[in-house]
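# okay, sequence plus prediction incoming.
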Amino acid sequence: MTPRVLISDKMDPRAAAIFRERGIEVDEITGKTPDELAEIIGDYHGLAIRSSTKATAKLLDHAKNLKVIGRAGIGVDNVDIPAATQRGIVVMNTPFGNSITTAEHAIALMFALARQLPEADASTQAGKWEKNRFMGVELTAKTLGLIGAGNIGSIVASRALGLKMKVVAFDPFLSPERALELGIEKVELDQLLARADFITLHTPLTDQTRGILSSEALAKTKKGVRIINCARGGLIDEAALKDALDSGQVAGAALDVFETEPVTDSPLFGTPGFISTPHLGASTTEAQVNVAIQVAEQMSDFLLLGGVTNAINMPSLSAEEAPRLKPYMALAEKLGRLAGQVLGDQVRAVSIEVEGAAAALNQKPITGAVLAGLMGTYSQTVNMVNAPILAKERGLDVKEVRHEREGDYHTLVRVTASTPGGERCVAGTLFGNSAPRLVDIFGVAVEADLAGHMLYIVNNDAPGFIGKLGTALGQAWINIATFNLGRRAAGGEAVALVAVDDPVTPDVVAKLCALEGVREVVPLSF
Ligand SMILES: NC(=O)C1=CN([C@@H]2O[C@H](COP(=O)(O)OP(=O)(O)OC[C@H]3O[C@@H](n4cnc5c(N)ncnc54)[C@H](O)[C@@H]3O)[C@@H](O)[C@H]2O)C=CC1
Ligand SMILES: O=C(O)C(=O)COP(=O)(O)O
């Protein structure tokens with residue numbers, strides 16, 4: 001089926017062109033209300049957005065076919081990530097495409113504050129020529145306080161150092177080595193507030209950063225500080241900022257982002273020393289081309305090849321790795337499904353081992369596929385994206401083991417499930433590097449394809465059993481496609497894995513269970 005993508009925010013046309021070139025149907029529909037979007041979202045497999053579209057849990061409830069949300073930009077606070085993850089939707093962004101542009105906007109606003117450029121422009125164009133009103137400050141030798149020294153913060157730092165400023169940074173995750181490399185001084189927040197002539201914010205909005213410039217923090221700043229926010233509204237308490245501007249504690253503030261957007265009215269508007277732009281940080285031709293191309297390529301790789309790049313809610317899997325991992329993921333999913341169908345909800349812990357050639361691969365997608373198979377037996381909506389969190393929610397302990405050595409098979413995936421009754425293990429290999437084959441079912445060696453409808457039967461190894469089983473299935477008009485047998489020891493426990501053409505109903509299962517010597521019958525489907 002041809003995947004369909006909706007672009008719901010203004011995006012460079014190259015995004016749509018890439019989707020089309022790669023054979024994906026694309027609609028560009030911007031400016032819809034949440035309700036209007038909810039009406040159409042069900043038709044799409046991909047949603048490409050910037051910051052205007054709000055991908056809320058309510059919207060995602062309507063997104064029955066959605067597999068991926070691509071954010072052409074950095075901040076994903078307009079996406080309900082837990083809700084997307086629960087629904088098995090991958091969320092990806094483009095973490096570097098607009099960083100330079102946003103850093104440049106912060107620097108532009110710093111200059112605008114230092115020389116009161118917007119006010120001077122307005123006054124001059126009003127014919128006033130107020131040369132004496134606009135006395136500025138130099139940037140050279142001033143201290144710039146960076147709150148957040150990640151991608152954008154560190155670009156701002158390098159530009160500020162070029163302007164001969166001193167740069168201090170508060171970022172709990174900034175290592176001393178990285179600070180040294182950037183040529184900046186790592187400080188605590190209070191030190192930054194006390195020392196900075198200019199403060200610029202470059203953190204995401206989180207529970208820790210919300211209101212980081214509160215009225216208490218503003219009171220600790222150097223009198224006459226100038227503040228720039230090109231990160232996220234909500235980092236600064238806007239009411240407190242208004243008071244600080246009015247009192248002169250803060251000499252100037254430039255906001256590109258606001259607590260509520262779009263903002264059409266604010267107590268800050270018209271305050272002397274206040275400058276604003278309408279969330280323009282990423283709005284340059286270059287940045288928009290970068291993020292549009294990146295998001296379209298990433299989403300296409302995912303929808304067409306299963307490649308996962310820059311995902312917020314699942315491990316990466318490059319488009320090059322994806323084809324090599326695909327048969328392993330199919331094998332892993334089947335093994336997880338087999339274990340889940342036979343062991344049901346008795347599984348308390350699961351260990352996923354890769355051996356031989358499989359050990360050279362990225363193990364996370366293999367683990368994700370085992371969990372998706374295992375949990376898929378309890379939940380309809382489980383997939384690689386939400387399986388790890390569902391497993392965590394169920395308290396399932398997951399272990400990954402990698403054996404470089406080659407065992408009996410050149411490549412092997414083994415799934416060991418811990419149940420109250422002990423450890424139960426299934427394992428499989430790939431024939432010809434592509435065809436999944438089961439080689440071990442709970443300690444009994446077999447060689448079987450796991451496909452379609454099957455029966456897992458445990459019985460006492462005794463002459464005549466296979467005949468009775470065939471007769472019982474024949475009487476129920478169930479055709480046997482393939483038959484695989486294995487046993488622990490002659491005359492002991494035997495296992496039959498029977499592929500059948502049709503699903504086996506509970507009444508037939510009951511009849512099979514009644515056959516002499518039968519210990520267990522589980523209908524399977526793959
Ligand atoms: N105005 C606009 O149009 C744009 C805004 N942005 C926003 O800029 C912000 C920064 O983006 P990037 O630099 O790419 O992100 P990043 O993830 O590379 O850097 C964020 C930094 O904040 C630091 N941080 C996290 N919690 C912190 C805390 N409690 N206190 C101090 N530092 C903390 C992190 O350690 C990290 O170094 C994001 O919020 C992003 O959404 C990004 C692009 C355009
Ligand atoms: O990339 C980001 O985080 C931004 O805030 C840019 O927002 P935008 O894509 O310009 O609406």
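Nice, thanks for sending it over. Ligands and ions are numbered 1, 2, ... in the order given.
# from now on I want contacts and neighbour counts done on CA atoms only, so please keep to that.
Noted.
# only alpha carbons, please: show stretch 241-258 as PDB.
Listed next in PDB are the C-alpha coordinates belonging to stretch 241-258 (Å, rounded to 0.1, in the frame of the first residue of the first chain):
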ATOM      1  CA  LEU A 241       9.700  40.200  33.300                       C
ATOM      2  CA  LYS A 242       7.300  43.000  32.800                       C
ATOM      3  CA  ASP A 243       7.800  44.200  36.400                       C
ATOM      4  CA  ALA A 244      11.500  43.900  36.100                       C
ATOM      5  CA  LEU A 245      11.500  46.000  32.900                       C
ATOM      6  CA  ASP A 246       9.300  48.600  34.500                       C
ATOM      7  CA  SER A 247      11.500  48.800  37.600                       C
ATOM      8  CA  GLY A 248      14.700  49.000  35.500                       C
ATOM      9  CA  GLN A 249      16.200  45.800  37.000                       C
ATOM     10  CA  VAL A 250      16.100  44.500  33.400                       C
ATOM     11  CA  ALA A 251      17.200  47.100  30.800                       C
ATOM     12  CA  GLY A 252      15.900  45.200  27.800                       C
ATOM     13  CA  ALA A 253      14.400  41.900  26.800                       C
ATOM     14  CA  ALA A 254      13.900  40.200  23.500                       C
ATOM     15  CA  LEU A 255      11.500  37.400  23.200                       C
ATOM     16  CA  ASP A 256      11.100  35.200  20.100                       C
ATOM     17  CA  VAL A 257       8.900  32.700  22.000                       C
ATOM     18  CA  PHE A 258       6.000  33.100  24.400                       C
END
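# next, the buried residues of that stretch.
241-245, 249-258 (16 or more other Cα atoms under 10 Å).
# neighbours around whichever residue of the stretch 151-300 of the chain sits closest to ligand 2, how many?
Minimum separation of the stretch 151-300 of the chain from ligand 2 (Cα to the nearest ligand atom) falls at Ala282, amounting to 4.7 Å. Applying other Cα atoms under 10 Å, we find 22 residues neighbouring Ala282.
# with Gly492 instead?
Around Gly492 there are 11 residues (other Cα under 10 Å).
# repeat that for Asn433.
13.
# so where do the helices sit in the stretch 401-526 of the chain?
With helices called from DSSP state H, counting those that start in this stretch, the stretch 401-526 of the chain shows them at 465-475, 506-513.
# redo these as a markdown table? Include distance to ligand 1.
Below are those laid out as a markdown table (distance: least, Cα to the nearest ligand atom, whole Å):
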| stretch | distance to ligand 1 |
| --- | --- |
| helix 465-475 | 60 |
| helix 506-513 | 54 |
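# same list (the ones you listed) but as CSV, adding mean neighbour count.
Below are those laid out as CSV (neighbours: other Cα atoms under 10 Å):
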stretch, mean neighbour count
helix 465-475, 14
helix 506-513, 14
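# so which of these gets nearest Gly211?
Taking Cα to Cα, helix 506-513 is the member of these nearest to Gly211, at 59.7 Å.
# contact partners of that closest one?
For helix 506-513, the external contacting residues (Cα atoms under 8 Å, 6 or more residues apart in numbering) are Leu469, Ala472, Leu473, Ala476, Val518, Arg519, Glu520, Val521, Val522, Pro523.
# quick check: angle from it to helix 465-475?
Counting by axes from the mean of the first three to the mean of the last three Cα atoms, to 10 degrees, helix 506-513 lies at 160 degrees to helix 465-475.
# please work out the average pLDDT along helix 506-513.
Helix 506-513 carries an average pLDDT of 95.
# and the helix or strand of the chain with the lowest mean pLDDT, what's buried?
Taking mean pLDDT, DSSP states H and E as the measure, the chain has helix 387-393 as its least confident helix or strand, at a mean of 88. Neighbour counts over helix 387-393 (16+ other Cα under 10 Å) mark Ala387, Pro388, Ile389, Leu390, Ala391 as buried.
# among the contacts of helix 506-513, which one lies nearest to Gly395?
Among the contacts of helix 506-513, and counting by Cα to Cα, the member closest to Gly395 is Val522, at 25.2 Å.
# kindly state the pLDDT recorded for the closest residue to that closest one other than its chain neighbours?
Of all residues not flanking Val522 in the chain, Tyr456 sits nearest, at 5.1 Å (Cα to Cα, 6 or more residues apart in numbering). Turning to Tyr456, the model gives it a pLDDT of 96.
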